[in-house]
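Engineer: I'll drop the sequence and a predicted model, then ask my questions.
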Amino acid sequence: MRSLALKLARSPRTLFNMFTDRISTPCGLRLMGVMSGQGCSFTGAPAIKMVAGARIRLGDDVAIGSRLDANPLGLSHPTILAALMPDSYIEIGDGTGISGASIVARRAVVIGARVLIGAGACIWDSDFHPLNPDVRRQHPTRDARSAPITIEDDVFIGARALILKGVRVGRGAVVGAGAVVTRDVPPGQIVAGNPARVVGPVPGMGSGAAQVPAGGGAATQSTTP
């Protein structure tokens with residue numbers, strides 16, 4: 001207790017970070033219309049974009065890291081939560097941890113409970129731009145294809161993985177660091193590579209118990225980075 005008091009007395013930055021994490025960020029999210037459950041924690045302020053009519057909802061005990069020191073891997077940017085259309089929404093389940101990830105919904109991104117999302121991972125439900133150059137010249141974003149993303153409970157998404165539109169990641173699956181996921185991931189399986197392919201079962205959830213390092217470093221409320 002004494003060491004904490006000394007640390008606070010000596011470091012204005014520590015006081016500022018505590019104010020940001022515990023007071024400013026939760027209040028700011030409420031003012032922007034983000035619905036948060038009980039026990040949510042923040043390290044730094046996430047970047048929020050939510051148009052009128054869109055919804056962003058955090059379950060209980062969600063932990064979001066957005067500051068450089070929030071993760072031992074280092075974060076290149078704050079966590080981004082963006083709901084871009086009046087009927088789009090992002091839902092994040094209880095106990096999920098996110099580190100400097102980018103989650104963008106033009107339709108819907110639904111993330112289950114106890115999901116770990118590693119540093120710099122991207123979850124985007126849209127192409128953002130039409131693929132046909134003639135259509136792009138008429139309008140850079142109109143008619144871009146979008147499809148909802150669902151990530152089920154207990155998934156681990158490694159650092160800098162990319163999950164694209166229309167994908168469902170099954171319960172307990174692991175997405176390897178840097179993987180580009182364009183198709184559904186079966187429950188309890190490990191996927192890796194570009195494009196991502198199944199490389200084995202998650203230990204304890206299938207036969208073979210072959211494990212491929214996934215990387216990651218998602219924010220959690222435990223002592224594990």
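Structural biologist: Everything's here; your move. Model, not experiment: these values are computed from the prediction.
Engineer: which residues touch Cys122?
Structural biologist: By C-beta atoms under 8 Å, 6 or more residues apart in numbering, the contact set of Cys122 is 101-104, 160-163. Just so you know, the C-beta spots here come from the backbone N, C-alpha and C atoms, and that holds for glycine as well.
Engineer: which two of these have the greatest separation?
Structural biologist: The span of the contacts of Cys122, defined through C-beta to C-beta, is set by Val104 and Arg160 at 15.6 Å.
Engineer: ranges for the helices of the protein?
Structural biologist: In the chain, the segments counted as helices under DSSP state H are 2-10, 12-19, 25-32, 133-138.
Engineer: Gly204: which of those helices is closest?
Structural biologist: helix 25-32 (35.7 Å).
Engineer: tell me what angle the closest one forms with helix 12-19.
Structural biologist: Counting by axes from the mean of the first three to the mean of the last three C-alpha atoms, to 10 degrees, helix 25-32 lies at 40 degrees to helix 12-19.
Engineer: can you get me a residue count around the nearest residue to Arg136 once chain neighbours are set aside?
Structural biologist: Distance criterion C-beta to C-beta, 6 or more residues apart in numbering; nearest residue to Arg136, sequence neighbours excluded, is Pro130 at 5.4 Å. For Pro130, the count of nearby residues is 18 (other C-beta atoms under 10 Å).
Engineer: cool, and Ser126?
Structural biologist: 20.
Engineer: check Tyr89 too.
Structural biologist: When neighbours are counted by other C-beta under 10 Å, Tyr89 registers 18.
Engineer: for it, give the beta-bridge partners.
Structural biologist: Beta-bridge partners for Tyr89, by DSSP bridges, are Arg55, Ala108.
Engineer: is it true that it touches Leu81?
Structural biologist: No - look at Tyr89 against Leu81 with C-beta atoms under 8 Å: they stay out of range, at 10.7 Å.
Engineer: which residues do those two both contact?
Structural biologist: Between them, Tyr89 and Leu81 share these contacting residues under C-beta under 8 Å, 6+ apart: Ile56.
Engineer: and for Ile190, nearest residue in space, chain neighbours not counted?
Structural biologist: Distance criterion C-beta to C-beta, 6+ apart; nearest residue to Ile190, sequence neighbours excluded, is Val174 at 4.5 Å.
Engineer: try Met50
Structural biologist: Nearest non-adjacent residue to Met50, counting by C-beta to C-beta, 6+ apart: Ala83, 4.8 Å away.
Engineer: again, but for Gln38
Structural biologist: Gln38 sits nearest to Asp60 (C-beta to C-beta, 6+ apart), 4.9 Å away.
Engineer: wait, that neighbour sits on Gly37?
Structural biologist: Yes - Asp60 is in contact with Gly37 according to C-beta under 8 Å; the separation is 3.7 Å.
Engineer: so, low pLDDT: which residues of this structure?
Structural biologist: 1-10, 206-225 (pLDDT under 70).
Engineer: if we use 50, what do you get?
Structural biologist: Across the chain, the ranges flagged by pLDDT under 50 are 207-217, 219-225.
Engineer: any buried residues in stretch 76-95, and which?
Structural biologist: For stretch 76-95, the neighbour count (16 or more other C-beta atoms under 10 Å) marks 78-84, 88-95 as buried.
Engineer: ditto for stretch 190-208
Structural biologist: 190-192, 196, 199-202, 205-206.
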